[in-house]
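Engineer: pasting a predicted model and its sequence here:
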Amino acid sequence: MSKLIFEIKGDERKWDVLLNDFLGEELKKECIVESDATVKKHWARVHFLNYKPNKELVNKLAESENIMSAYIIDNKKITKKIR
């Protein structure tokens, strides 16, 4: 089973809107979001626990300035580092 995990920076008060715009409503429903913040930074870790290959999403993650890291995991090992 593959997982896709990425970290995105942004305004924590707007995660719902930000992720809806970035992922789309359908994909947003499939993910789990963990947010965290410090005085200077706000970010969220987004998990797709049942990731199905999606080239469009991978391209968005690779090109976005707001993505801090992104990778695909299979059997507890990183199989593809996107960013």
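Structural biologist: Noted; the coordinates are in hand. Residues are numbered from 1 along each chain as shown.
Engineer: per-residue confidence at Asp74?
Structural biologist: With respect to pLDDT, Asp74 has a value of 94.
Engineer: that one reaches Ser2, doesn't it?
Structural biologist: Yes. Counting by Cβ atoms under 8 Å, Asp74 touches Ser2, with 5.2 Å between them. All C-beta spots, glycine's among them, are computed from the backbone N, C-alpha and C.
Engineer: pLDDT weak spots in this protein?
Structural biologist: Scanning the chain for pLDDT under 70 picks out 12-13.
Engineer: which stretches of it form strands?
Structural biologist: The residue ranges that make up the strands of the chain, judged by DSSP state E, are 2-9, 32-37, 42-48, 67-74, 77-81.
Engineer: mind checking which of the ones you listed is nearest Leu61?
Structural biologist: Distances from Leu61 to each of the strands of the chain were compared using Cβ to Cβ; the minimum, 4.3 Å, belongs to strand 67-74.
Engineer: and that closest one, what other elements does it pack with?
Structural biologist: Helices and strands touching strand 67-74, as assessed by 3 or more Cβ pairs under 8 Å, 6 or more residues apart in numbering; DSSP states H and E, comprise strand 2-9, helix 55-63, strand 77-81.
Engineer: of these, which stretch is the most buried?
Structural biologist: Across the helices and strands packed on strand 67-74, averaging neighbours per residue (mean count of other Cβ atoms under 10 Å) puts strand 2-9 on top, at a mean of 19.
Engineer: which residue, other than its chain neighbours, is closest to Ile72?
Structural biologist: What sits nearest to Ile72 in space, not counting adjacent residues and going by Cβ to Cβ, 6 or more residues apart in numbering, is Lys80, at 4.3 Å.
Engineer: could I get the strands of the chain as a markdown table with distance to Glu25?
Structural biologist: As requested, the strands of the chain are arranged in a markdown table below (distance: least, Cβ to Cβ, whole Å):
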| stretch | distance to Glu25 |
| --- | --- |
| strand 2-9 | 17 |
| strand 32-37 | 14 |
| strand 42-48 | 15 |
| strand 67-74 | 19 |
| strand 77-81 | 25 |
